[in-house]
Every structure is written in structure tokens, then in C-alpha cells.
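How does the following fold in three dimensions:
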Amino acid sequence: MEHKLNQGAIFKNDYKGDQFNAPDFKGKMNVDGETKDVALWLNPSKEGKKEYFTIKISEPYVKGGQASAVDQYNQKAAAAQPSAQPTTASHIPDPSNGIAPAAVFNATDDDLPF
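Next up, the predicted model:
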């Protein structure tokens, strides 16, 4: 089902059963043009007189596994960063400009026994 921008649909979770942590309602919504999963939990207030919803919006579930939210964040952050340049003679800072490098990393120069 395709949703309009920043709209969605929520349905009662028929599979909740006795699972306390499972959401009471689930659905999907369009958030700024991207489809997201939505989960709602119905909770009693401290006084027990009213009920309120808590909500969680997450990346769509992919059967067979999906990267965790932290992994997804790291992947997006890495994609936004410029690619790392290898340390070659053309990438070593020029000390003649008055700024000397603190250190130049050499992958073959270490004290590791392997």
C-alpha cells in the first residue's frame, strides 16, 4: 500500500498474544518520501484512569535479517564522508608551508609480531 507524503496506516497487531513487549498496533508510513515501520503500544497512566500511546518509527523490517540501527547509522555516516586517501608521497603534507605533520602513518612500520 502506497501512502501519501507523511501519512500512513496502523492496524491492530493480531500476533501480539501474551508477548508484553510486542506492539499493540503496527503499520507503515511515508516519512519524507521513505517508507518506515510504525509500532504503537497502549499504556495505562500511573493513576490508571487514562490510557496513552507510545510510538516507535523504524526502518522497514527485512526478512532474513537486517543491519541494526547502529550499523545503519554507521553505514549512512560512512557514505556521507569523503573516501579516505591512501598515504603516498603525493598525500604527505608539505612541511615547506609552515605546517609540519604530527605523524605520517606507515602500515608496515609497527611492532606487531605478525
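
Next, find the distance separating the residue nearest to Phe53 when sequence neighbours are not counted from Gly17.
Residue nearest to Phe53 in three dimensions, not counting chain neighbours: Leu40, with 5.0 Å by CB to CB, 6 or more residues apart in numbering. C-beta coordinates here come from the backbone N, C-alpha and C atoms, glycine included. Look at Leu40 and Gly17: by CB to CB, to the nearest Å, they are 17 Å apart.

Check Gly64 too.
The value you get for Gly64 to Gly17, if CB to CB is used, is 23 Å.

who's more crowded, the two?
Using other CB atoms under 10 Å, the more surrounded residue of Gly64 and Gly17 is Gly17, with 8 against 4.

quick one: buried residues of stretch 10-18?
Buried residues in stretch 10-18, counted by 16 or more other CB atoms under 10 Å: Ile10, Asn13.

contact partners of that stretch?
Ala22, Pro23, Asp24, Phe25, Lys26, Gly27, Val38, Leu40 (CB atoms under 8 Å, 6 or more residues apart in numbering).

Tell me which of these fall in strands.
Phe25, Lys26, Gly27, Val38, Leu40 (DSSP state E).

Can you report how many residues lie near the second one?
This points to Lys26. Lys26: 20 neighbours (other CB under 10 Å).

For it, give the beta-bridge partners.
Phe11, Ala39 (DSSP bridges).

circling back to that earlier point, quick one: pLDDT of the residue nearest to Phe53?
pLDDT, Leu40: 95.

Give me the residue ranges of the protein where confidence is low.
65-78, 81-114 (pLDDT under 70).

residue contacts, Ile57?
Going by CB under 8 Å, 6+ apart, the list of residues near Ile57 reads Met29, Val31, Lys36, Asp37, Val38.

which of those residues are buried?
Buried among the contacts of Ile57 by 16+ other CB under 10 Å: Met29, Lys36, Asp37, Val38.

Can you name the two of these that sit furthest apart?
Spatially, the most separated pair among the buried ones among the contacts of Ile57 is Met29 and Asp37, at 8.4 Å (CB to CB).

Many thanks, I have nothing further to ask.
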